[in-house]
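[1] Structure, please.
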Amino acid sequence: MRKRVAVLCGAAVVVAGTFTAVPAGASTTQSPDIAQAAQPSWKKCGTADYPTLQCASLKVPLDHANPQGRKITLALSRVPHTAEKYQGPLLVNPGGPGGSGLTLAGFVASSLPKAVAAQYDVIGFDPRGVGASQPALDCKPGYFDPVRPDSVPSTRAIENANLTRAKSFADACGKKYASVLPYINTVSAVRDMDAIRRAVGAKKINYFGYSYGTYLGAVYAKLYPERVRRMVLDSIVDPTGVWYDDNLSQDYAFNDRHRALMAWIAKYDATYKLGTDPAEIEAKWYAMRAALAKNPAGGKVGASELEDTFIPGGYYNGYWPYLAEAFAAYVNDKNADPLVEAYENFAAIDPSGDNGYSIYTSVQCRDAAWPRDWKQWRKDNWRVYAKAPFMAWNNAWYNAPCAFWPTESLKPRSVVNGKLPPVLLFQATDDAATPYVGGATVHRLLARSSLVVEQGGGNHGITLSGNACLDKYLSAYLTDGTVPRGLRRADAVCPALPDPKPLSPTATATPSHGATLHGLLGFRG
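    Residues are numbered from 1 along each chain as shown. Below you'll find the model as predicted:
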């Protein structure tokens, strides 16, 4: 998966369909499944950034095959439509799995053109087990407290320490949530989404998902194709690799992005004084890692925590100036304080992070089969490490509880679909968390889908992040169903935004749309 597919083509725009003031599927009489649904009671919960936000809760079955059994609670948010033309609910999801979507509703509604957002009820939700939904899972609080064992198992003792740690997490989840874990998975979350649809009185939904949210949306579309009105998928999971193979593919892509950071630092040698040869700068980074493995900075940042700190740079290049400054301070000035600060800002896990990781593992370990023989993990990850050392073992240990997970695995869902209206896909060519092949694959699997590519882009989550070219296609689609149609692999191509520049000592830091979005995207992608 290390190679990126080059895409260079023109695009023509077509209209997928036209709609009246009432969303498709609306009717003056409710269908039985809507008429019988409990209606959310919306209350004001606005913030300074999103003053019109409303909140509600919805009870759903823990086991949708047993609707009269135990109930759990989903937390919902909404920015209601204000325009006379109403196009129905737009459900949004930030990915993960394990990401909270409550604030994302406010972000999406405020980031879209006002005339477009005003036509939708933008609805966010915390998926089952997440955040404000109940029960909220937290298998082992403090699991990521520093300093953890070195991620690279260079000795059997280090490997055994990491294995013991991973098994302890799986055991803790099994003991605390034995009755819940079988129902924390993508298909159950999809059933919840359909319960939200019924509760808000819609025959069809519009959907906008990032990262893992693209797989969630694709599975919803597979199970309920007749209930999809419009669907936007941004930074797309490869559904043919869930989840073991997808994580191995990530390792190569993150290694490429880490080297892109090294090349960026080389470009600004006058600022960082780490050299002009990216390979030599990378060697200094690994020397820093080795030193921190022996003597963690501030008693917090060892080798594994250093990786945690720099992995966010693979998701979003807006972090690069901060990471470069911390790197330079440690190497040139023997000053570890900026590195500790970067760790605390970008990598330290709080209780919401513990919750997010608990759901991440619960969903991924349940969704699909993982090797139960550790010899397979060892073989595969040493093979990857030989070519892509940056994140290989860090990612392996992050997912290692799945080797010991207490629930049986389900079979991955095929998302092949020829029954949908046009779906709009967005993918960056150099995305590390969801490599380009995911977008290309889903474009092939979803008939009538249109793929918009950000050429040369390496960020994860690319719409509503400041790229006007991408957002033009998004707005047109949400306005009237317009999608681009090209003649080659991509239907439209947009150039990536420029990489950031080093921080200016006199500049005042103001959060960009990209920084805000990447603060909202789901746990670890």
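
[2] Against Cys55, how distant is Ala38?
    16 Å (Cβ to Cβ, to the nearest Å). C-beta: built from backbone N, CA, C; applies to glycine.

[3] Look at those two and report which has more neighbours.
    Neighbour count, other Cβ atoms under 10 Å: between Ala38 and Cys55, Cys55 has more, with 19 against 11.

[4] I figured that one hits Ser41, correct?
    No: the criterion here is Cβ atoms under 8 Å, and Cys55 misses it with Ser41 at 9.7 Å.

[5] Read off the pLDDT value for the nearest residue to Leu445 once chain neighbours are set aside.
    Among residues not flanking Leu445 along the chain, Val416 sits closest, at 4.9 Å (Cβ to Cβ, 6 or more residues apart in numbering). Note for Val416: predicted pLDDT of 98.

[6] Use 40 as the first number from now on
    Sounds good: first residue 40 from here, last item Val455.

[7] Distance of Val455 relative to Asp231?
    Distance of Val455 to Asp231, given as Cβ to Cβ: 23 Å.

[8] okay, these two: which has more neighbours?
    Taking other Cβ under 10 Å, Val455 and Asp231 do not tie; Asp231 has more neighbours (21 against 13).

[9] tell me which residues in the host helix or strand of that one are buried?
    Assigned by DSSP states H and E, Asp231 belongs to helix 225-238. Neighbour-count burial for helix 225-238 flags 225-238 (criterion: 16 or more other Cβ atoms under 10 Å).

[10] In CSV, list these along with pLDDT and distance to Phe385.
    Below are these laid out as CSV (pLDDT from 0 to 100; distance: Cβ to Cβ, whole Å):
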residue, pLDDT, distance to Phe385
Thr225, 98, 28
Val226, 98, 33
Ser227, 98, 31
Ala228, 98, 27
Val229, 98, 31
Arg230, 98, 35
Asp231, 98, 31
Met232, 98, 31
Asp233, 98, 36
Ala234, 98, 35
Ile235, 98, 32
Arg236, 98, 36
Arg237, 98, 39
Ala238, 98, 37
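
[11] returning to that earlier point: so which elements touch the helix or strand just after the helix holding Asp231?
    Proceeding N to C from helix 225-238, the next assigned helix or strand is strand 244-249, under DSSP H and E. With contacts defined as 3 or more Cβ pairs under 8 Å, 6 or more residues apart in numbering; DSSP states H and E, the packing partners of strand 244-249 are strand 128-132, helix 225-238, helix 251-262, strand 267-273.

[12] Using JSON lines, lay out the ones you listed together with distance to Val118.
    Supplementary listing: the helices and strands packed on strand 244-249 in JSON lines, determined by distance: least, Cβ to Cβ, whole Å:
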{"stretch": "strand 128-132", "distance to Val118": "9"}
{"stretch": "helix 225-238", "distance to Val118": "15"}
{"stretch": "helix 251-262", "distance to Val118": "18"}
{"stretch": "strand 267-273", "distance to Val118": "17"}
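
[13] Leu464 - nearest residue in space that isn't next to it in sequence?
    Using Cβ to Cβ, 6+ apart, the closest residue to Leu464 is Leu490 (4.6 Å).

[14] so that neighbour makes contact with Ala529?
    Yes: applying Cβ under 8 Å, one finds Leu490 in contact with Ala529, separated by 5.0 Å.

[15] what residues are shared contacts of those two?
    Listed as contacting both Leu490 and Ala529 by Cβ atoms under 8 Å, 6 or more residues apart in numbering is no residue at all.

[16] can you give me the angle the helix ranked longest in the chain makes with helix 251-262?
    Longest helix in the chain, counting residues (DSSP state H): helix 283-306. On the basis of axes from the mean of the first three to the mean of the last three Cα atoms, to 10 degrees, helix 283-306 is oriented at 150 degrees to helix 251-262.

[17] just checking, next helix/strand downstream of helix 283-306?
    Next element after helix 283-306 (DSSP H and E): helix 308-311.

[18] Noted, bye for now.
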